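Enquirer: Just to be clear, the model below is a prediction. Sequence and coordinates:
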Amino acid sequence: MRPADLRICKQEGRPIAVLTAWDALSAALVEAAGADVVLVGDSLAMVVLGHATTLPVTLEEMILHTRAVGRGLQRPADQRPLIITDLPFLSYQCGADDAVAAAGQVLKDSPAAGVKLEGAEPETLAVVDRLVRSGIPVMGHLGLTPQAVHQLGYRRQANDPISQERLKRQARDLQAAGCFALVLEHVPAELAAGLSTELAIPVIGIGAGDRCDGQVRVTADLLGLSARQPPFCPPLLQGRELCIDALRGWVAGLQPQGAPNPPTTPSAPAAPHC
Ligand code: KIV
């Protein structure tokens with residue numbers, strides 16, 4: 001799977017499944033589930049690093065997590081999902097030279113085959129153009145862009161005709177600048193469906209209705225593991241409660257030293273580190 005192959009999926013009408021991962025364990029899960037793309041999203045700043053927003057995560061941390069994700073993939077190299085890594089806040093906003101250095105570092109030092117960045121202001125379009133002309137595949141991201149949280153909050157975007165026209169123009173601009181795919185987050189379903197039909201590049205939705213070329217989800221949200229669930233991503237299971245109950249049962253079952261052994265039950269095969 002290469003970034004350009006996603007366009008073939010779109011042409012063949014095959015839905016594109018994108019799931020986030022942040023370490024070897026989560027990467028093995030999403031690969032086994034059949035994801036086409038593993039996104040090492042900067043949501044990991046909140047999901048696993050405990051930050052309040054995505055802003056504090058650094059380029060070095062994104063590379064470290066991407067390397068762990070790469071180690072978690074188990075399939076033969078030619079059958080692995082594509083790895084795309086988010087460029088963190090301030091790694092591409094200060095100009096095209098910085099952006100090429102940051103994105104180039106991601107591709108040199110990790111198994112990522114491309115990067116994702118947010119927005120489509122003229123400066124960002126110039127950055128996308130430079131990255132693409134430097135051989136670095138870029139995925140765009142419009143709508144709710146968490147790196148702009150202090151301007152936009154986490155509200156649904158493009159709710160009125162003027163902002164919808166603006167978003168459409170930005171999507172066309174990102175395609176023209178060379179993005180190989182576009183994430184649309186928390187925007188009206190009609191708008192996302194229209195852009196999926198209009199654009200040649202795949203539109204990957206999250207909170208953008210089900211008529212996109214593909215869908216992306218933060219895996220921890222889908223599994224119900226996140227402490228705060230976004231309203232547009234209902235969990236598939238109550239993972240947090242299930243895990244806490246199981247662990248609570250284990251803690252409660254610990255016997256005081258010297259107590260008689262409880263009856264043995266057949267146990268699962270030992271993990272390799274045991
Ligand atoms: O960081 C992330 O996980 C993302 C997805 C929500 C698309 O950008």
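Expert: Sure thing, it's come through.

Enquirer: Please make it C-alpha for all contacts and neighbour counts, starting now.
Expert: Fine.

Enquirer: quick one, what contacts the residue of the stretch 101-250 of the chain found nearest the ligand?
Expert: Nearest residue of the stretch 101-250 of the chain to the ligand (CA to the nearest ligand atom) works out as Val218 at 5.3 Å. If you count contacts by CA atoms under 8 Å, 6 or more residues apart in numbering, Val218 has them with 19-21, 43.

Enquirer: Most neighbours of all those residues, which one?
Expert: Ala21 (31 neighbours; other CA atoms under 10 Å).

Enquirer: Look up how far Ala35 lies from it.
Expert: 11 Å (CA to CA, to the nearest Å).

Enquirer: what do you get for Thr145?
Expert: Taking CA to CA, one finds Thr145 at 23 Å from Ala35.

Enquirer: Checking the residue nearest to Gly70 when sequence neighbours are not counted next. Helix, strand or coil?
Expert: Nearest residue to Gly70, sequence neighbours excluded (CA to CA, 6 or more residues apart in numbering): Pro111, at 5.9 Å. Using DSSP: H, G, I helix; E, B strand; the rest coil, the structure places Pro111 in coil.

Enquirer: Over to Val183?
Expert: strand.

Enquirer: Which residues of the stretch 1-150 of the chain lie near the ligand?
Expert: Residues of the stretch 1-150 of the chain found near the ligand (CA under 6 Å from any ligand atom) are 20, 41-43.

Enquirer: Next up, the contacts around the closest residue to the ligand within the chain.
Expert: Residue nearest to the ligand within the chain: Gly41 (3.3 Å; CA to the nearest ligand atom). Counting by CA under 8 Å, 6+ apart, Gly41 touches 20-22, 85-86.

Enquirer: for stretch 18-31, the distance to its chain's centre please.
Expert: 10 Å (CA atoms, centre = their mean, to the nearest Å).

Enquirer: Which positions within that stretch qualify as buried?
Expert: 18-24, 26-31 (16 or more other CA atoms under 10 Å).

Enquirer: In JSON lines: the residues you listed, plus distance to Glu12 and pLDDT.
Expert: Output for these, formatted as JSON lines (distance: CA to CA, whole Å; pLDDT from 0 to 100):
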{"residue": "Val18", "distance to Glu12": "17", "pLDDT": "98"}
{"residue": "Leu19", "distance to Glu12": "21", "pLDDT": "98"}
{"residue": "Thr20", "distance to Glu12": "24", "pLDDT": "98"}
{"residue": "Ala21", "distance to Glu12": "26", "pLDDT": "98"}
{"residue": "Trp22", "distance to Glu12": "30", "pLDDT": "98"}
{"residue": "Asp23", "distance to Glu12": "31", "pLDDT": "98"}
{"residue": "Ala24", "distance to Glu12": "31", "pLDDT": "98"}
{"residue": "Ser26", "distance to Glu12": "29", "pLDDT": "98"}
{"residue": "Ala27", "distance to Glu12": "26", "pLDDT": "98"}
{"residue": "Ala28", "distance to Glu12": "27", "pLDDT": "98"}
{"residue": "Leu29", "distance to Glu12": "26", "pLDDT": "98"}
{"residue": "Val30", "distance to Glu12": "23", "pLDDT": "98"}
{"residue": "Glu31", "distance to Glu12": "22", "pLDDT": "98"}
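
Enquirer: Can you list which of these are found in strands?
Expert: Among the buried residues of stretch 18-31, the members found in strands (DSSP state E) are 18-20.

Enquirer: can I get the residues you listed in JSON lines with distance to Leu254?
Expert: JSON lines is the format used below for those (distance: CA to CA, whole Å):
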{"residue": "Val18", "distance to Leu254": "40"}
{"residue": "Leu19", "distance to Leu254": "37"}
{"residue": "Thr20", "distance to Leu254": "35"}
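
Enquirer: Identify, from the residues you listed, the entry nearest to Asn159.
Expert: Val18 (25.2 Å; CA to CA).

Enquirer: Report the contact partners of the closest one.
Expert: 35-39, 214-217.

Enquirer: which helices and strands sit right next to the helix ranked longest in the chain?
Expert: Longest helix of the chain, by residue count under DSSP state H: helix 161-177. Here helix 161-177 touches helix 122-133, strand 138-143, helix 189-198, going by 3 or more CA pairs under 8 Å, 6 or more residues apart in numbering; DSSP states H and E.
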